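Trainee: the following comprises the amino acid sequence and a computationally predicted model.
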Amino acid sequence: MSATPPREITLRFLASPTDATTLGGAVRGGRLLSWIDKAAYACAAAWSGGYSVTVYVGNITFTRGIEPGDIVEVTASLVHTGTSSMHIACTVRSADPYTGVFTVASDCLVIFVAMGEDNRPRPVRQWIPDNDADRAVEAYATSRIPVRKRIESAMSTMTYSDAGTAPRSQTRFLAAPTDVNWGGNAHGGRVMEWMDESAYLTAARWCGGRCVSAYVGGIRFYAPIHIGDVVELDARLIHTGKQTMHISVHVRAGDPHTGVLRDCAHSLTIVAAVDADGDATAVRRWIPVTDEDIALERHARDLVALRAKLPRRPLHSVASV
């Protein structure tokens, strides 16, 4: 019988100046998402013994900024298995290298699906928790499933058309060879970076000043992006709070020779306006005008209420590799 694979993996490295949003600034949220995806992939690949793809990243909280030069530690822990899926809890910590004191900067839940050579989901080894701490983290993962399905259902019913009057930003470019993952498609972490940057563009234009990603309610992946595809990102403001802007981002991609694009990913990012000291500051209110605007603004409020029902992640410890 083969040995049980590790269910926790930790990556450690130094954050570099090129990871920052601007020269002299903190590391951007999109780069954290890319790191999370890589650590989660390493965990999923080790557990499944093969190639896996990101299908969902959710409830991503950015607690504080990470500075270039900080030591970054990304821990990915398997907390539940389905037939072919692996639910992986990820935590990002960082420390000033001169002190070595690590504090949490972000955490989230990532779901990967193991893929066979036929590019179809394949079964994975089942994980059975054998102590109270492990049973608690698995209960946390499974308790999120019904709420997540309600959120996915609510997001799928919304219409985003030219009938809306909300501020938006659209970008187009080609997926490059430097974006490739181990399966030959665009890396999920890279796609998340694009989405974060697109949300930032819309938020920055609306608030007219500095802003940072504060929370990502959920990123859903529907189809792969192939290297050489034309990629289109459409980010739209759908709600403003006192200090925040809720930005819905859609990603589409397709063969540049035909111009036919398919839906590839969708997320809702909450961006906070900040002052020169990095403290949250007020943003002007967006007023919905058309029926579509009103429906989307109501949708954003409903998602806030739904996410308030998500359970908190329990403290846990598992042996690291």
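Mentor: That came in fine, so what should we check first?

Trainee: specify the beta-bridge partners of A89.
Mentor: S77, L109 (DSSP bridges).

Trainee: list the contacts of it.
Mentor: Counting by C-beta atoms under 8 Å, 6 or more residues apart in numbering, A89 makes contact with 76-77, 79, 107-110, 137, 140-141, 313. (Each C-beta comes from the backbone N, C-alpha and C, glycine too.)

Trainee: in stretch 104-111, what's buried?
Mentor: Across stretch 104-111, burial judged by 16 or more other C-beta atoms under 10 Å covers 105-111.

Trainee: and those residues, which two are the farthest apart?
Mentor: Farthest pair in these (C-beta to C-beta) is A105 and I111. Separation: 21.4 Å.

Trainee: how near is V251 to G259?
Mentor: V251 sits at a distance of 16 Å from G259 (criterion: C-beta to C-beta, to the nearest Å).

Trainee: compare the two (neighbour count), which wins?
Mentor: With neighbours defined as other C-beta atoms under 10 Å, V251 and G259 compare such that V251 has more, 27 against 8.

Trainee: in the stretch 151-300 of the chain, which spans are strands?
Mentor: Assigned by DSSP state E, counting those that start in this stretch, the stretch 151-300 of the chain shows strands spanning 168-174, 211-221, 230-240, 244-254, 262-273.

Trainee: S85: which of those is closest?
Mentor: Of the strands of the stretch 151-300 of the chain, nearest to S85 by C-beta to C-beta is strand 211-221, at 12.7 Å.

Trainee: any chance you could map the helices in the stretch 51-200 of the chain?
Mentor: According to DSSP state H, counting those that start in this stretch, the stretch 51-200 of the chain carries its helices in the segments 132-156, 188-207.

Trainee: flag every buried residue along the last one.
Mentor: If you call a residue buried by 16+ other C-beta under 10 Å, then helix 188-207 has these buried ones: 188-204, 206-207.

Trainee: and it with strand 168-174, angle?
Mentor: 150 degrees (axes from the mean of the first three to the mean of the last three C-alpha atoms, to 10 degrees).

Trainee: now the angle between strand 211-221 and helix 188-207, please.
Mentor: Using the same axes, to 10 degrees: helix 188-207 against strand 211-221 is 140 degrees.

Trainee: so what secondary structure elements neighbour helix 188-207?
Mentor: helix 29-48, strand 52-62, strand 168-174, strand 211-221, strand 230-240, strand 244-254, strand 262-273 (3 or more C-beta pairs under 8 Å, 6 or more residues apart in numbering; DSSP states H and E).

Trainee: so how far is stretch 58-68 off the chain centroid?
Mentor: Relative to the centre of its chain, stretch 58-68 is centred 11 Å away, using C-alpha atoms, centre = their mean, to the nearest Å.

Trainee: buried sites along stretch 172-182?
Mentor: In stretch 172-182, counting by 16+ other C-beta under 10 Å, buried: 175, 179, 181.

Trainee: of these, just say which sits nearest to P146.
Mentor: Closest to P146, out of all of the buried residues of stretch 172-182 and judged by C-beta to C-beta, is N181, at 30.4 Å.

Trainee: so who does that closest one touch?
Mentor: 41, 187-188, 190.

Trainee: and Y160, what are its phi and psi?
Mentor: phi -120, psi 100 (degrees, to the nearest 10).

Trainee: skip the chain neighbours and tell me the closest residue to R12.
Mentor: What sits nearest to R12 in space, not counting adjacent residues and going by C-beta to C-beta, 6 or more residues apart in numbering, is E73, at 5.1 Å.

Trainee: what's the closest of the contacts of N181 to D130?
Mentor: Of all these, D130 sits closest to Y41, with 25.6 Å by C-beta to C-beta.

Trainee: close enough to count as contact, that closest one and S48?
Mentor: No. Contact criterion C-beta atoms under 8 Å: Y41 and S48 do not qualify, at 10.4 Å.

Trainee: give the residues shared as contacts by the two.
Mentor: F112.

Trainee: list the contacts for V147?
Mentor: 306-307, 309-310.

Trainee: can you rerun that using 6 Å?
Mentor: 309-310 (C-beta atoms under 6 Å, 6 or more residues apart in numbering).

Trainee: pLDDT score for it?
Mentor: The model reports V147 with a pLDDT of 84.

Trainee: ok, S2 next?
Mentor: So, for S2, pLDDT stands at 57.

Trainee: excluding its backbone neighbours, what's nearest S84?
Mentor: Closest to S84 by C-beta to C-beta, 6+ apart is P121, at 3.8 Å.

Trainee: wait, doesn't that neighbour sit right on F112?
Mentor: No. Assessed by C-beta atoms under 6 Å, P121 is found out of contact with F112, at 10.5 Å.

Trainee: looking at the two, which one has more neighbours?
Mentor: Remark: of P121 and F112, F112 carries more neighbours, 29 against 17, as counted by other C-beta under 10 Å.

Trainee: which intervals of this protein have sub-threshold pLDDT?
Mentor: Within the chain, the stretches with pLDDT under 70 are 1-3, 21-24, 311-321.
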